[in-house]
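> quick one: sequence and predicted model below, then my questions.
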Amino acid sequence: MITYLVRRLLAAAGVLVLVALLTYWIFFALSPDPAVMICGKTCTPDRIDQIRATLGVDQPFMTQFFTFLGGIFMGRTYGSGEGAIECAAPCLGFSFQTNQSVLDMIAERMPVSITIAVGAAILWLLIGVSAGVISAVKQGSWWDKAAMMVALSGISLPNYFIALVLQYVLVVELQILPFPSTPAFGEDPLFWFQSYIMPWSILAFGYASLYARLTRANMIDTLGENFVRTARAKGLSSMLVLRRHALRPSLTPIVTMFGMDFAGLLGGALITETVFGLNGVGKMTSDAISKNDQPVIMGVTLMAALFVIVGNIIVDVLYTTLDPRVRTKVA
Amino acid sequence: MKNLDAAGSNSLLEVADLEVSFASSAGIATVVQGISFTVARNETVGIVGESGSGKSMTSLAIMGLLPPKAKTTGSIKLHGEEILGASERHMRKLRGNRMAMVFQDPLSSLNPYYTVGMQIAEAYKAHRGGSMRAAKLVAVDAMGRVGISDPQRRVDSYPHQFSGGMRQRIMIAMAMCCEPDLLIADEPTTALDVTVQAQILELMSQLQNESGTGMLFITHDLAVVSQVSQRVLVMNKGKVVESGTTEDVFSTPQDPYTQALLDAIPRIDDPIRALKKVEMGMVSEA
């Protein structure tokens, strides 16, 4: 188990370096000169050279990349002499737009993204999985047909469209909910809930649809398994057959999917945050992309990759407790 | 078929005019067509036939495990009590308790997510109640009885950690843990190699001698059925084409289909020849 974990962590580190190299290269190749961007309209060629030297962008590509990578582990210093700027590890650099540390920017917006992700995840797991189970058990019934129809629309309708319609109906017309915002929980829990419920629901809808269909398909497969027939032949109650023998094998693949989806969302729900104007990591990313703020994009990409990779490892380790057959292979 | 009713009123299982059909858009498919037979205590009745002859459907009908869309008519009596059409609740009390079943493929018939001990214990607990811990002790005992060495330790192993023969022993332990009156074995040795097959057959007859359980043994293997059963039914296309004592059926087969089946068995003292084909046209359309 420990060798397995060490192997996985080493592989994860390799993947992260690769992701970093790729994103760094894309922005190195595509971005306009950052020094020009920072310098602004009233700028002299001398000043641009000076900024270039401070940022290190006058260096060859690989040198720049390793300086960046080194900054993450050991910190780095921008420029030299009196005007030098220290950036402690893990250093992701400074935004070209606001000069703020990228790490601080992410840390500031992370709580909003986490709140959105956790709330949505609870909703979609509860609704998606139970709808899928009921559909599978009552296969072909009006419930099954209706649920799968809704699920299909959840998958095919773009969520920014539903978001805008809901916002118009619930907030503008009926005035049941406030405009989505990001208040603190402690001040007014009810207002906090009302502010977040729409983003949660919108985000959860698409995922719940997918999870319902997947759970239904898995469950129908499992219900046809010989061991379910054995369980019935033992005289177990239908509830016990469902819960103990059919549900557990059907849910293991869901765990894998959930781990990845949730980890991916921690990197920011780009569309939902942008549509509702919620100041999370997703909205920050979309702003950074539109303004070509390379350090921010790099930072967010790396962080998102880290979440997905770590999420993946957690799921795999969890799998060894969920599926005894995997446990034997790993041990 | 009259001779099969010889067991008379002390029958454990009485099946009469059993018919199983499935309605589909293409029409009604009748997979079991009016079969009748009995099984007495401590007796083994074999049902032989090729795939699709309706033998497994017969066993599932007795257990009440047919899919809901199947239509079943006729009569199935266990200890004289009509169980065809009995409520699901009542059938649940009988399944695994008064009548139990061993299936063909022990690997897929055991849930890979639970220990074998737990799977045996839950069968016991479902009918006898008590704590899971007490049921687990019964499981250890049951595993010992079917010849699994070191059952105290193996009780916490998972199905994939056993060999095919051991898995089938576990299935048998599970079926026998509530000491059922009737055991239905649906091709219990088909997925096993020949030496293991012999061990399993020996174990089943030994357990039967100890408990007096009546057994319905379903197989396509004529050699196996001649070894285990006192009486035999030959099924084809959902009908019983021949029945009688195993000795009679095997020594003087009356139906052309049975004759063809027996003729198709390669014999070591025969000159080498191509395998004989069992013609479908041989079925006596009674």
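That came in fine, so what should we check first?
> list the contacts for the residue most central in space within chain B?
The residue lying closest to the centre of chain B (CA atoms, centre = their mean) is B:Ala185, at 2.4 Å. B:Ala185 makes contact with B:Met101, B:Val102, B:Met204, B:Met215, B:Leu216, B:Phe217, B:Ile218 under the criterion CB atoms under 8 Å, 6 or more residues apart in numbering or on different chains. Any C-beta I mention is one placed from the backbone N, CA and C, and that applies to glycine too.
> can you check B:Ser131 too?
B:Lys125.
> point out the residues in the stretch 201-331 of chain A that sit beside chain B.
With the criterion set to CB under 8 Å from any CB of the partner chain, the stretch 201-331 of chain A comes near chain B through A:225-227, A:229-238, A:240, A:244-245, A:248-249, A:323-325, A:328.
> tell me where the model's unsure across chain B.
B:1-10, B:270-286 (pLDDT under 70).
> let's see that with 50 instead.
For chain B, the stretches flagged by pLDDT under 50 are B:1-8, B:284-286.
> which is the next helix or strand following the lengthiest helix in it?
Longest helix in chain B by number of residues, with DSSP state H as the criterion: helix B:194-211. Scanning forward in sequence from helix B:194-211 by DSSP states H and E, the next helix or strand is strand B:214-219.
> mind giving me the packing neighbours of that next one?
strand B:11-24, strand B:27-40, strand B:44-48, helix B:55-63, strand B:182-186, helix B:222-228 (3 or more CB pairs under 8 Å, 6 or more residues apart in numbering or on different chains; DSSP states H and E).
> quick one: it to chain centroid distance?
Once both centres are worked out by CA atoms, centre = their mean, to the nearest Å, strand B:214-219 turns out to sit 4 Å from its chain's centre.
> parallel or antiparallel, which strands does it pair with?
Applying DSSP bridges to the sheet, strand B:214-219 is found paired with strand B:44-48 (parallel), strand B:182-186 (parallel).
> angle of that strand against helix B:55-63?
Per axes from the mean of the first three to the mean of the last three CA atoms, to 10 degrees, the angle that strand B:214-219 makes with helix B:55-63 is 150 degrees.
> which of the strands paired with strand B:214-219 is buried the deepest?
Burial of these is given as mean neighbour count (mean count of other CB atoms under 10 Å in any protein chain shown); strand B:44-48 ranks first at a mean of 26.
> which residues touch it?
Counting by CB under 8 Å, 6+ apart, B:37-39, B:55, B:58-59, B:205, B:208, B:214-222, B:225, B:228-235, B:246, B:261 sit against strand B:44-48.
> residues in contact with A:Cys91?
A:Gly71, A:Ile72, A:Gly75, A:Arg76, A:Ser101, A:Leu103.
> check which helix or strand covers the residue nearest to it when sequence neighbours are not counted.
Beyond its immediate neighbours in the sequence, the residue positioned closest to A:Cys91 (CB to CB, 6 or more residues apart in numbering or on different chains) is A:Gly71, lying 3.9 Å away. Using DSSP H and E, the secondary-structure element containing A:Gly71 is helix A:61-74.
> which outside residues touch that helix?
Surrounding helix A:61-74, the residues in contact under the criterion CB under 8 Å, 6+ apart are A:17, A:20-21, A:24-25, A:28, A:56-57, A:59, A:76, A:87, A:89-93, A:298, A:302.
> pull out the buried residues from the contacts of strand B:44-48.
Among those, those buried by neighbour count (16 or more other CB atoms under 10 Å in any protein chain shown) are B:37-39, B:55, B:58-59, B:208, B:214-220, B:222, B:225, B:228-229, B:231-235, B:246, B:261.
> now do the buried residues in the helix holding A:Gly71.
Of the residues in helix A:61-74, those buried under the neighbour-count criterion (16+ other CB under 10 Å) are A:Gln64, A:Phe65, A:Phe68, A:Leu69, A:Gly71, A:Ile72.
> and for stretch A:101-113?
If you call a residue buried by 16+ other CB under 10 Å, then stretch A:101-113 has these buried ones: A:Ser101, A:Val102, A:Leu103, A:Met105, A:Ile106, A:Arg109, A:Met110, A:Val112, A:Ser113.
> before we move on, what about stretch B:103-117?
When neighbours are counted by 16+ other CB under 10 Å, the buried residues of stretch B:103-117 are found to be B:103-111, B:113-117.
> can you pull the residues of chain B lying near chain A?
Counting by CB under 8 Å from any CB, the positions of chain B adjacent to chain A are B:63, B:65, B:88, B:92-97, B:100-101, B:103, B:105, B:108-115, B:122-123, B:126-127, B:158, B:160-161, B:171, B:174.
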